[in-house]
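Engineer: Need a 3D model of the following:
(2 chains)
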Amino acid sequence: MTLDQMKPGDECRIVKIDIQGITGQRMLDMGFIPGTAINVIRNAPLMDPIDIKIKGYMVALRRSEARAVEVNPS
Amino acid sequence: MNKSSNEIVVALTGQPNAGKSTIFNALTGARQHVANYPGITVEKKTGTYRFNGHKTIVIDLPGTYSLTSYTQEERVARNFLLHDKPSAIIDVVDASNLERNLYLAFQLAEMGISMAISLNMMDVAQQRGLTINTKQLSNELSVPVVPTVGNKGTGIKDLREVIEQISKDKNASQPSLHLNYGKTLEPVLARIEKHLSEDMVISTHYPMRWLALKLMENDAEAQRLVRKHAKNKENILGNVTRERELFQTEQKQTAEQAIAIRRYEIAGGIVGRCVKREKEEEQTLTDRIDRIVCNRVTGPIFLAGILFLLYYLTMKIGGEYITPWAWKYWAMLRDVIANLLPAEGLIRSLLLSGIVDGVFAIMNYLPIFLILFLLIAILEDSGYMARIAFIMDRALRAFGLHGQSTLPMILGGVVMGGCAIPGVMATRAMKDQKARITTIMIIPLMNCMAKVPLYILLVSIFFKNHQAIMLWFMSLITLCIALIVASVMNLTILKREESEPFILEMPPYHLPTITGVVRRAIERTWLFVKKVITIIIAVAIVVWVFITFPGISNEKIAYYDGEANKFTEMFIEKTGEDNPYAKLLIGSGLKEFGQYWDRYKKQRMSTKNKNALKEKFNKENPEFFKIVNRGKGIDGKKDKQAKKIYGAYKKLDKKLKRLSIIRRKEVVYVSFAGRFGRFIEPVTKFAGFDWKTNIALASSFAAKENLIATLGTIYSVGNVTSGETLAKSMEEDTSETWTPLHALALMLFVALFPPCIATLIMIRVETKSTRWMLFATIYPIILGFIIAIIVFQGGQILGLTAIQVMIFLSIFIFTILTAIYFMGGRPAAMKIE
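Structural biologist: Numbers count the residues shown, from 1 in each chain, chains lettered A, B, ... in the order given. Prediction:
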């Protein structure tokens, strides 16, 4: 599954990041590391971007970017 | 950089939202200087302080999550550390977010500069139930760790002491924090390092382990360094490529992934050992606020409320109360300057109506700017900015904009009555260069305060029965056109600009500090004043020359002077020689009285305390006072003779003013501007503009306020400041030639017309590019002209009324917009490499 398929309230763990270049690097820099737990908090009013909690802080990302994050629901 | 023996240069680094600027302010106090790094838009803040007799220079580097070469900020921070070689790095670390912040600290340590950590926001960490063992943290990292609370100034003295220590024994204390990247990476790094160390230039100038890591990460800037300096560059780079490929096939992941994973592993380990969580994580205040503020239903309502408040405080309170109040002082200042200038003639006219009035027209906006910048700083520091971007992103992204474009567009005047200047300046917070330039380019299409009076004027004449609808139409149509322009630009000329992923941290809410907010607001206002004043002066001179020269012929001048003399003589005759006051008004007395009269009238309008004013003027000249007070002395005694003079002078004054307007009108007609306006009339008439309109449009280039003023001059109205009289006289003057269609075409053209000079200057400042500035000047003219022609010609040929044209245009533009929204929303966003 990918992160954009998760619903608010879902919890999951990152399996891998399927994107390179600036977006992939930024994700790594911000702690999107395999094995890391993610809580999906909410959708924006127009359903996109999504707001998630990772490594104790909140971050918003667009669904197009969330699609590159492969996750395991837990 | 100049480094004298007892001068220390310290670089301040840190991740966004770690409170770096509070530490910077606490360290340096008021001694700060803001500039830009050459050629780019990243701010360079420098501050100084003295400690134990040493002068310490603090460079506030941009906040970054990492030190890659993907973004401008990261390149700036990195290049400074690499090439300017500061004595020390102070890394500001968010104690409540330690793991992610250590990730950056590791990379800084690898740059081979003495370093200390300012463990900031200790109070927030405590509130969240985190206890941090700073001693152990310092041991694990092998760098000094100073606990601080930037906005309260806690720990700053300790920090200064540490800075002095680590900068002093520079050679002795190279950071000994050495990250072990594990058994798969270390051998590779060692091989590359060895290879690099064989090169003389590289090995003496750059930290080699750092360079080896960056090359493995496939960092473009690091490769450029090697290509620039290394002798056998091909060999080195070829080798690195092979190592990378080999690593990737063996490990099933890229080297940059492996490196980042390892860094987080180590950071996680350190956090586990140094941080104790005393209570289970519960709902923080931020979480509770966000549940309302980011909610699907209440979020947008709250946002609308905030934006309305912003609008209300600046435009209503700032515009309607503070600006007139401040204007009194500006006007006083202007009068002081006016009195210093030579009494009459061209020089006075140039200095006063050209330069002084030009500058003051802009200064008039300063109170609004200051309020606006204060409010923006509050929004920025509170953390709400990120939420605005979160709520608005989906709607704006479809057009190549960004969630962060919201505020700049609102400031520019999406609804009615903004200002492009703060709008353009507010784009500074946007990191995505592509979206930022797009935003800057469309802000001038919004409806700024100076465009609105013209709309109201034309609407009140030509669309009497549909005033409100027309104003709504104007603000909607400009927004729609702006969005279309944005998406077209995004797919064409902006295609290759640097874009950034939307991965936006939602920082915890903070109560902004007063000093921080005030400081930033003043900084921005000052930046505007500094940049704009000089250029406004130059432009004001040019505009003045164009509407003043070559001037009317000598015969004409003689004619007007003769007429004026005739009026004056008639006045003297009329008053009669036996009138005791007549003596006072002969020769220079008349002029003196004229000034007295004008001053009295002006001050009477602006003061509430009429009696005090009367006292004052009576004291100054009791005879004059009796005249201006309609023949009544201060004691209330009536004086028939004085009253007679009052009536006669009033008539004279009116006649002279009318004469000077006719004269002025003729000057404009024969001026260069007038010639130009008539010269391009054959072309502009397709859009329905005659030469008068052309002149007004040309003069509005300096400041949009000129539009109404120039129309006022040309349409010969006594009081150009009062919209009503202008409306009346335009109505009389234009009733035969103008149709509502003319008015609609003109309004649309003005809506899209190039930004004023001040805005163009700020565009130059914010984009660092003259080409963008020129583009922002030219494209609106072309676009506006095309739309005006379509409206005017289309309406005439098809025989439609202005309202019908308006409806057709709205449907047309709205259709395009909808198509872009649904097409642009999906596929474009999926295209990520």
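
Engineer: rest of the way, CA atoms for contacts and neighbours
Structural biologist: Will do.

Engineer: Go through stretch B:426-441 and flag the buried ones.
Structural biologist: The neighbour-count check on stretch B:426-441 (16 or more other CA atoms under 10 Å in any protein chain shown) flags B:426-428, B:430-441 as buried.

Engineer: Can you tell me which of those residues is closest to chain A?
Structural biologist: B:Asp432 (11.9 Å; CA to the nearest CA).

Engineer: Ramachandran coordinates for that closest one?
Structural biologist: Dihedral angles of B:Asp432 (phi, psi; degrees, to the nearest 10) stand at phi -80, psi 100.

Engineer: returning to that earlier point: now, which of the buried residues of stretch B:426-441 lie close to chain A?
Structural biologist: Near chain A, judged by CA under 8 Å from any CA of the partner chain, there are no entries from those.

Engineer: Sitting in strands, which of those residues do you find?
Structural biologist: Assignment to strands by DSSP state E places none of these there.

Engineer: Which single one of those residues is nearest to B:Asn629?
Structural biologist: Distances from B:Asn629 to the buried residues of stretch B:426-441, taken as CA to CA, are shortest for B:Ala426 (51.1 Å).

Engineer: which residues sit in contact with B:Val201?
Structural biologist: Contact analysis of B:Val201 by CA atoms under 8 Å, 6 or more residues apart in numbering or on different chains lists B:His229, B:Ala230.

Engineer: Is it in a helix, a strand, or coil?
Structural biologist: helix (DSSP: H, G, I helix; E, B strand; the rest coil).

Engineer: hey, C-alpha coordinates of the biggest helix by length in chain A in CSV?
Structural biologist: The longest helix of chain A (DSSP state H) is helix A:21-29. The C-alpha coordinates for helix A:21-29 follow below in CSV (Å, rounded to 0.1, in the frame of the first residue of the first chain):
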residue,chain,number,x,y,z
GLY,A,21,15.9,13.4,-6.8
ILE,A,22,14.9,16.4,-4.7
THR,A,23,11.6,14.9,-3.4
GLY,A,24,13.2,11.6,-2.4
GLN,A,25,16.1,13.4,-0.7
ARG,A,26,13.8,15.8,1.1
MET,A,27,11.8,12.9,2.4
LEU,A,28,14.9,11.2,3.7
ASP,A,29,16.1,14.4,5.3
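
Engineer: Do it and chain B come into contact?
Structural biologist: Yes - if you take CA under 8 Å from any CA as the test, helix A:21-29 does meet chain B, through A:Gly21, A:Ile22, A:Thr23, A:Gln25, A:Arg26, A:Met27, A:Leu28, A:Asp29.

Engineer: For the second one, which non-adjacent residue is spatially closest?
Structural biologist: Read it as A:Ile22. Distances taken as CA to CA, 6 or more residues apart in numbering or on different chains place B:Tyr70 nearest to A:Ile22, at 6.1 Å, with adjacent residues excluded.

Engineer: Just give the number of residues close to that neighbour.
Structural biologist: By other CA atoms under 10 Å in any protein chain shown, the residues close to B:Tyr70 number 20.

Engineer: swap in B:Ile807?
Structural biologist: 11.

Engineer: Show me what counts as buried in the one helix or strand it maps to.
Structural biologist: Assessed by DSSP states H and E, B:Ile807 sits inside helix B:802-825. Going by neighbour count (16+ other CA under 10 Å), the buried part of helix B:802-825 is B:Ala802, B:Ile803, B:Val805, B:Met806, B:Leu809, B:Ser810, B:Phe814, B:Leu817, B:Ile820, B:Tyr821, B:Gly824, B:Gly825.

Engineer: need the strands for the chain, in chain order.
Structural biologist: Assuming you mean chain A. Going by DSSP E, chain A shows strands at A:11-17, A:37-43, A:50-54, A:57-61, A:69-73.

Engineer: Chain B, not that one
Structural biologist: Using DSSP E, strands in chain B cover B:7-14, B:32-36, B:43-51, B:54-60, B:88-94, B:115-120, B:130-132, B:145-147, B:275-277, B:503-506.

Engineer: could I get the strands of chain A as JSON lines with distance to B:Leu177, mean pLDDT and mean neighbour count?
Structural biologist: Formatted as JSON lines, those follow (distance: least, CA to CA, whole Å; pLDDT from 0 to 100; neighbours: other CA atoms under 10 Å in any protein chain shown):
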{"stretch": "strand A:11-17", "distance to B:Leu177": "29", "mean pLDDT": "94", "mean neighbour count": "20"}
{"stretch": "strand A:37-43", "distance to B:Leu177": "28", "mean pLDDT": "95", "mean neighbour count": "22"}
{"stretch": "strand A:50-54", "distance to B:Leu177": "26", "mean pLDDT": "96", "mean neighbour count": "22"}
{"stretch": "strand A:57-61", "distance to B:Leu177": "26", "mean pLDDT": "95", "mean neighbour count": "20"}
{"stretch": "strand A:69-73", "distance to B:Leu177": "32", "mean pLDDT": "95", "mean neighbour count": "21"}
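
Engineer: Tell me the spacing between B:Ile117 and chain A.
Structural biologist: Separation of B:Ile117 from chain A (CA to the nearest CA, to the nearest Å): 19 Å.

Engineer: And the helix holding B:Ile807, what does it pack against?
Structural biologist: helix B:384-397, helix B:467-491, helix B:740-752, helix B:770-798 (3 or more CA pairs under 8 Å, 6 or more residues apart in numbering or on different chains; DSSP states H and E).

Engineer: Return the distance of stretch B:333-352 from the chain's centre.
Structural biologist: Relative to its chain's centre, stretch B:333-352 lies at 31 Å (CA atoms, centre = their mean, to the nearest Å).
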